[in-house]
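Trainee: Okay, here's the prediction I keep looking at, along with the sequence it came from:
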Amino acid sequence: MNKLLRQSEYIINKRFDESDENYGLLVIGCYALLSKFGELYSPIVEKVMLNTDFYIGKKPLSLLLEEGGIEAEDAFRGDEYYDNELTVTAISSPGVYLSISEVGTILFERETPAIFCTTIDEDATTVLNAFVHEASHLVKSTVNVVYSDSPTHFLIRNGLNVFGYSFEKGSSFEPSDNSMLDEVINVLQTSDMMKAVKELNGCPMKKEVEDFYKELDLDRIDLLYGYDELTSFVLPLWSNDYFRSSIEDNIVIGKIDRIRNDFDSIMGHNSFHYYSTYLDYIDGNYDDEKLIGNMKEWYDRMNRTYAMRTRVLQMANRNKK
């Protein structure tokens, strides 16, 4: 049996019985995470799988959220919420909050992380992809998630996404950086993980795991699910080993400055800021065809330039050896 698959079963068996209706999903989901984040971060993967509240079932996502004490209107904004129904399969909560007490002090609250995933009217492939997507967010929101450079200014990190909290006069200000870039990177990483799941085909498995695995559509399991337009802009860059390594060497431990500096050292001062911020702007303007066309050309140029410059760097490094 595959070593990582055995490790996944070992982790899940610490908490769940093989008779659990979601046992196969949890084992394969854990395997997917281990395949991406590797031995170095396996303790974080294990922590996510053992210490997260899972609300998974054949119920509308809004009802699962309600079971976890969350109102759907509060969890979602924009296109995902229509007439009390949600158009997505899963959502996660890292459980990290800042607030102001009655006497004006800053309170840091850490609740149990949660994943909410509906299986109603959803096939196993979609459910696995959505579950792993959300669990991946949690892996990247476990360590080094709160920073402070003054008594009233804090940063909360979820992957690449950084929320700034500035508490003044009893209120909080919450700007966000890298929101869409973080989602796009997570989609691309999830696709990588689904490729690893696909490679399990033919591997011996426990019956409960194999029963779930047989429900997967291996012909489409590793497609890119979600944020289609934005993901297409960044996909060529994800194929670049230099960029992908910069992300994956630093994102779990929250070294966002290192990722930014790596990019800027190749593309110029503030290039990472623009590469990321334009994605946030595009996300709110999909109906502007001229903008989308111009942005596609801009991202194509940036991706080609990055590829050319990193090839030069790699050649120079090889010549030094």
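Mentor: Noted; the coordinates are in hand. Residues are numbered from 1 along each chain as shown.
Trainee: Low-confidence ranges, the stretch 1-150 of the chain, go.
Mentor: 1, 72-87, 104-105 (pLDDT under 70).
Trainee: try 90 this time
Mentor: Within the stretch 1-150 of the chain, the stretches with pLDDT under 90 are 1, 62, 69-88, 96-110, 121-122, 146-150.
Trainee: Please, where are all the strands along it?
Mentor: 53-57, 81-82, 85-86, 90-93, 96-100, 106-110, 114-118, 146-150 (DSSP state E, counting those that start in this stretch).
Trainee: Pull the residues that contact the last one.
Mentor: Outside strand 146-150, the residues within contact range by Cβ atoms under 8 Å, 6 or more residues apart in numbering are 96, 98, 108, 154-157. (C-beta placed from N, C-alpha, C; glycine too.)
Trainee: next SSE after it?
Mentor: strand 153-158 (DSSP states H and E).
Trainee: what comes up buried for the helix or strand just after that next one?
Mentor: Downstream of strand 153-158, the first helix or strand assigned by DSSP H and E is strand 161-168. Taking 16 or more other Cβ atoms under 10 Å as the neighbour-count basis, strand 161-168 is seen to contain the buried residues 161-163, 165, 167.
Trainee: For residue 286, what is the enclosing helix or strand?
Mentor: Using DSSP H and E, no element contains residue 286; it sits outside every helix and strand.
Trainee: Tell me which residues touch it, please.
Mentor: 229, 292.
Trainee: cool, and residue 26?
Mentor: By Cβ under 8 Å, 6+ apart, the contact list for residue 26 reads 12, 16, 20, 49, 54.
Trainee: likewise residue 7?
Mentor: So residue 7 contacts 34, 42 (Cβ under 8 Å, 6+ apart).
Trainee: so what's residue 53 bridging to?
Mentor: Counting by DSSP bridges, residue 53 is bridged to residue 114.
Trainee: how close does it get to residue 69?
Mentor: Distance from residue 53 to residue 69, counting by Cβ to Cβ, to the nearest Å: 10 Å.
Trainee: neighbour count winner among those two?
Mentor: Neighbours were counted for residue 53 and for residue 69 using other Cβ atoms under 10 Å; residue 53 has more, 14 against 8.
Trainee: Indicate which one of the strands of the stretch 1-150 of the chain is closest to residue 265.
Mentor: For residue 265, the closest of these is strand 146-150, at 22.5 Å, according to Cβ to Cβ.
Trainee: mind checking how far the closest one is from the chain centre?
Mentor: 23 Å (Cα atoms, centre = their mean, to the nearest Å).
Trainee: Repeat that for stretch 294-314.
Mentor: 24 Å.
Trainee: what comes into contact with that stretch?
Mentor: 233-234, 236-237, 240, 242-243, 266-267, 271, 275, 278, 282.
Trainee: 10 Å - rerun?
Mentor: 229-230, 232-243, 246, 263, 265-268, 271, 274-275, 278-279, 281-282, 285, 288 (Cβ atoms under 10 Å, 6 or more residues apart in numbering).
Trainee: Same question for that stretch: list its buried residues.
Mentor: For stretch 294-314, by 16+ other Cβ under 10 Å, it's 295, 299, 302-303, 306-307, 310.
Trainee: which ones are touching residue 203?
Mentor: Listed by Cβ under 10 Å, 6+ apart, the contact set of residue 203 reads 1-2, 5, 209-210, 213.
Trainee: Could I get the buried residue list for stretch 270-279?
Mentor: Result for stretch 270-279 [16+ other Cβ under 10 Å]: buried residues 271-272, 275-279.
Trainee: Residue 255: which of those residues is nearest?
Mentor: When these are compared for distance to residue 255 (Cβ to Cβ), residue 272 wins out at 13.2 Å.
Trainee: quick one: contacts for that closest one?
Mentor: 178, 181, 256, 259-266.
Trainee: for residue 47, same thing?
Mentor: Residues near residue 47 by Cβ under 10 Å, 6+ apart: 11, 41, 113, 138-139, 142-143.
Trainee: so can I have CSV of these showing neighbour count and distance to residue 130?
Mentor: CSV is the format used below for those (neighbours: other Cβ atoms under 10 Å; distance: Cβ to Cβ, whole Å):
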residue, neighbour count, distance to residue 130
11, 23, 20
41, 21, 21
113, 22, 16
138, 25, 13
139, 21, 15
142, 20, 20
143, 13, 24
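Trainee: So which of those residues are in helices?
Mentor: Counting by DSSP state H, the part of the contacts of residue 47 found in helices is 11, 138-139.
Trainee: Using TSV, lay out those residues together with distance to residue 195.
Mentor: TSV is the format used below for the ones in helices among the contacts of residue 47 (distance: Cβ to Cβ, whole Å):
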residue	distance to residue 195
11	21
138	21
139	18
